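Enquirer: Pasting the sequence and the predicted coordinates here, then a few questions.
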Amino acid sequence: MKDSERRVSLMQCLDQLQERCLQLGWKSIAHQLDTILEDASVNSISYADFLGSLLSYEESSKKESSWNRRVKKAGFSYVKTLSEFDFNAQPTVDERRIRDLLARSFYRDGTNLLFLGPPGVGNYRKK
């Protein structure tokens, strides 16, 4: 088989794989499949590791999409994560205590964590 025929065959195979991924709802894998396959080939990844990385990639993409949809639906004016919080600007907030609370599994257990503060400290935002 000539190189040009081989490339055409590989492209057809890639197109079929992408179509199957889309049929299964694996949009992220479908859009990045050529890059993922190239990476696996270059790094000689085992089949099990390759499959694991594919599934992890799709799972993380779905989680991110889900998060973005929920944030948009909630109508937040902006999103600020803990990594962006300036603990130096609020010396009364114990960073170690906050990180300890977040490291616990209260959110996985479905329990609530409520932060209280006096008026005027930024716990309410108008749109």
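Expert: Right, received. Where do you want to start?
Enquirer: helices or strands up against the longest helix seen in the chain?
Expert: In the chain, assigned by DSSP state H, the helix with the most residues is helix 47-74. Here helix 47-74 touches helix 27-42, going by 3 or more CB pairs under 8 Å, 6 or more residues apart in numbering; DSSP states H and E. C-beta here means a position set from N, CA and C on the backbone, and glycine is covered the same way.
Enquirer: contacts for the helix it packs on?
Expert: Residues from elsewhere that reach helix 27-42, judged by CB atoms under 8 Å, 6 or more residues apart in numbering: 14, 17-19, 21-22, 45, 50, 53-54, 57-58, 61-62.
Enquirer: how about a cut-off of 6 Å?
Expert: Contacts to helix 27-42, defined as CB atoms under 6 Å, 6 or more residues apart in numbering, come from residues L17, Q18, C21, L22, F50, L54, E58, S61.
Enquirer: Not counting sequence-adjacent ones, nearest residue to the third one?
Expert: Sequence neighbours aside, A30 is the residue nearest to C21 in space, at 3.7 Å (criterion: CB to CB, 6 or more residues apart in numbering).
Enquirer: Endpoints of stretch 74-83, how far apart?
Expert: End-to-end distance of stretch 74-83: 21 Å, with CA to CA, to the nearest Å as the criterion.
Enquirer: distance between it and the chain's centre?
Expert: 16 Å (CA atoms, centre = their mean, to the nearest Å).
Enquirer: What of stretch 16-29?
Expert: 18 Å.
Enquirer: Equivalent analysis for stretch 20-37, please.
Expert: Centre-to-centre, stretch 20-37 and its host chain are 16 Å apart (CA atoms, centre = their mean).
Enquirer: cool, and stretch 100-108?
Expert: Distance of stretch 100-108 from the chain centroid (CA atoms, centre = their mean) equals 19 Å.
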